[in-house]
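[1] Output the structure for:
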Amino acid sequence: MINLEFNQNEDLNKQAVSELKNRLKKVYIGGGAKAAEKQQAKGKMLARERITYLLDVDKPWLEVGALAADGMYEAQGGCPSAGVVAGIGYISGRQCVVVANDATVKAGAWFPMTAKKNLRAQEIAMENRLPIIYLVDSAGVYLPMQDEIFPDKEHFGRIFRNNARMSSEGIVQIAAIMGACVAGGAYLPIMSDEAMIVEGTGSVFLAGSYLVKSAIGETVDNETLGGATTHCEISGVTDYKHPDDKTCLDSIRNIMSMLGKPQDAGFDRMKPLPPKLNEQDIYGILPPSREKSYDTKEIIMRLIDDSKFEEYKARYGQSIICGLGRVDGWAVGFVANQRKVVKSKKGEMQFGGVIYSDAADKATRFIMNCNQKKIPLVFLQDVTGFMVGSRAEQGGIIKDGAKMVNAVANSVVPKITIVMGNSYGAGNYAMCGKAYDPRLIYAWPSAKIAVMGGVQAAKTLLQIQTASMKAKGTETDDNEDKKLLKEVTERYNEQTTPYYAAARLWVDGVVDPMETRKIISMGIEAANQSPIEKPFNVGVIQT
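    This is a model prediction of the structure:
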């Protein structure tokens, strides 16, 4: 298998992973060295230090939204990781969600993407019935953007609504007040099941000392107003008082060690085995050009235990690969776009990455089978969309595509999506894009997410732009058209990168392909703590 093309692919993909790691290094710095020193001078640990100390050292950590808000708030000085660190980890052996405000980023103030990221973390906890730990250290809403964070359904207040809903459903919430906790933000820890506070640095109040002076004329310092002594000894608002961050985090570990066992959803797991084929080969198999074909099955074989794959309808609907395998011991049903150009039994050539009617029909049936058997689904996306043209339309491509979308939308087993390459148009939907509630969705550096490919979109946008100019009496020549096409293409391509998607939380992150097995395994382990209660039913579909 190893040849010149393989080596070139390997070099370029490893460069892309190196770029990803460099981006993440910058993000992990948060608000910078000076802001970090300021926090440490108060005797506080930084957000990532708190999480590292809290988590089990021998267990994996899966960060969610590390690149959230990347490049989005440059006029405000930036907001790395949306000012909050979140992910799935293990505390005292128990899988849980952890959310920690980063006080080095605008004193932990909430930007619009901060709210979106917190809501995503809560969504993961709610879907999978995972305990959630909040490490609170925030100055509250970023006031210059309050109109984009305060009043709407998916804004700041939704977080407290989720606090209440989770508590009513028995999903454990523990909050540690490790810094400022102001105004509306004060409700988050106090609406949790248990709240603890760090003496000297933690404070919680509806209005700080300056606002109190302005509103009612009372002169009072913040510690007296809402410090640890006030809330643990006088108001009774908080449940535990701790002298420092580490003692507080130790207390959380102790509480987590006493939680009762979660219910089991019954997903099958055997002893894990590594893939028989070398996982690192993925770098050489995957071409850096999104137009080139490759055999997606070769990728699957390097993701599954012992490289054993039970393929479903192998010779039918070959532009989608369906089949069963195991990942880290977990039984998994794969639905993957086949990027290799294949020939059907009828002798017809099927283009790589395009969903044809027969492939949609096959995938629909396979998804229904996995729901029947209670097998989680993994979608591997490299899709350019559904087949177009008169022959496809007369063959009922819309009907068959609708059946597949219906099955994906109504699936009750957990779904995990990995965007390996293209994710275009309705193909994104049919292959369980973000709108179809995957439990987790991550992208490789090679991913591209858009309504259509860059070349087609740029030409379409150029036609619209030039027509608009002509309508205003402005004619363009070939040179101007080429310049416009270049500008439109560059702007469009920038919006299709996985980093653009990750900044807006269309995906939970951009990852090295070598992280894929961990994502699938941790995602199914999380889902296994939430028994399926709803029967699978696709409703009315065109046949």
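[2] Regarding the chain, what is its longest helix?
    helix 4-28 (DSSP state H).
[3] quick check: mean pLDDT across the helix or strand following that helix?
    Using DSSP states H and E, the helix or strand that directly follows helix 4-28 along the chain is helix 33-41. For helix 33-41, mean pLDDT is 95.
[4] Can we start the residue count at 43 from this point?
    Got it, the first residue is 43 from now on, which makes the last one we talked about helix 75-83.
[5] who's in contact with helix 75-83?
    Outside of helix 75-83, the residues within contact range by C-beta atoms under 8 Å, 6 or more residues apart in numbering are I71, G72, L88, A145, T146, V147. The C-beta positions use only the backbone N, C-alpha and C, and glycine is treated the same way.
[6] how about 10 Å then?
    Contacts with helix 75-83, where a contact means C-beta atoms under 10 Å, 6 or more residues apart in numbering, come from 71-74, 86-89, 91, 144-150, 179, 221, 243.
[7] Quick check: next helix or strand after it?
    Using DSSP H and E, the helix or strand that directly follows helix 75-83 along the chain is helix 89-96.
[8] which other helices and strands contact that next one?
    With contacts defined as 3 or more C-beta pairs under 10 Å, 6 or more residues apart in numbering; DSSP states H and E, helix 89-96 has these neighbours: helix 75-83, strand 126-133, strand 136-143, strand 174-180, strand 215-224, helix 287-298.
[9] Put together CSV for the ones you listed, with mean neighbour count on each row.
    Shown next, in CSV, are the helices and strands packed on helix 89-96 (neighbours: other C-beta atoms under 10 Å):
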stretch, mean neighbour count
helix 75-83, 14
strand 126-133, 24
strand 136-143, 25
strand 174-180, 27
strand 215-224, 26
helix 287-298, 19
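[10] Let me know which of those is the nearest to Q392.
    Proximity to Q392 (C-beta to C-beta) singles out strand 126-133 among the helices and strands packed on helix 89-96, at 37.7 Å.
[11] quick one: the helices in the stretch 343-492 of the chain?
    Here the stretch 343-492 of the chain has its helices, by DSSP state H, counting those that start in this stretch, at 399-415, 432-436, 439-452, 467-472.
[12] which residues of the protein score low on pLDDT?
    Along the chain, the parts satisfying pLDDT under 70 run over 43, 226, 386-390, 496-497, 499-500, 503-504, 518, 584-585.
[13] so where do the strands sit in the stretch 343-492 of the chain?
    Applying DSSP state E, counting those that start in this stretch to the stretch 343-492 of the chain gives strands spanning 352-354, 362-369, 372-379, 384-385, 391-392, 396-397, 419-425, 427-428, 457-466, 482-485, 490-492.
[14] In contact with the residue nearest to A492 when sequence neighbours are not counted, which residues?
    Closest residue in space to A492, ignoring its immediate chain neighbours: T538 at 4.2 Å, by C-beta to C-beta, 6 or more residues apart in numbering. By C-beta under 10 Å, 6+ apart, the contact list for T538 reads 332, 464-466, 489-496, 499.
[15] quick revisit: so among the contacts of helix 75-83, which ones count as buried?
    Restricting those to buried positions leaves 72-73, 86-89, 91, 144-150, 179, 221, 243, with burial counted as 16 or more other C-beta atoms under 10 Å.
[16] The strands of the stretch 343-492 of the chain: which one's closest to I258?
    With C-beta to C-beta, the closest approach to I258 among the strands of the stretch 343-492 of the chain belongs to strand 482-485: 47.7 Å.
[17] which helices and strands does the closest one pack with?
    Right, strand 482-485 is packed against helix 154-170, strand 419-425, strand 457-466, helix 540-545, helix 558-569 by 3+ C-beta pairs under 10 Å, 6+ apart.
[18] Now tabulate the ones you listed in TSV and tack on mean neighbour count.
    Output for the helices and strands packed on strand 482-485, formatted as TSV (neighbours: other C-beta under 10 Å):
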stretch	mean neighbour count
helix 154-170	22
strand 419-425	27
strand 457-466	26
helix 540-545	22
helix 558-569	23
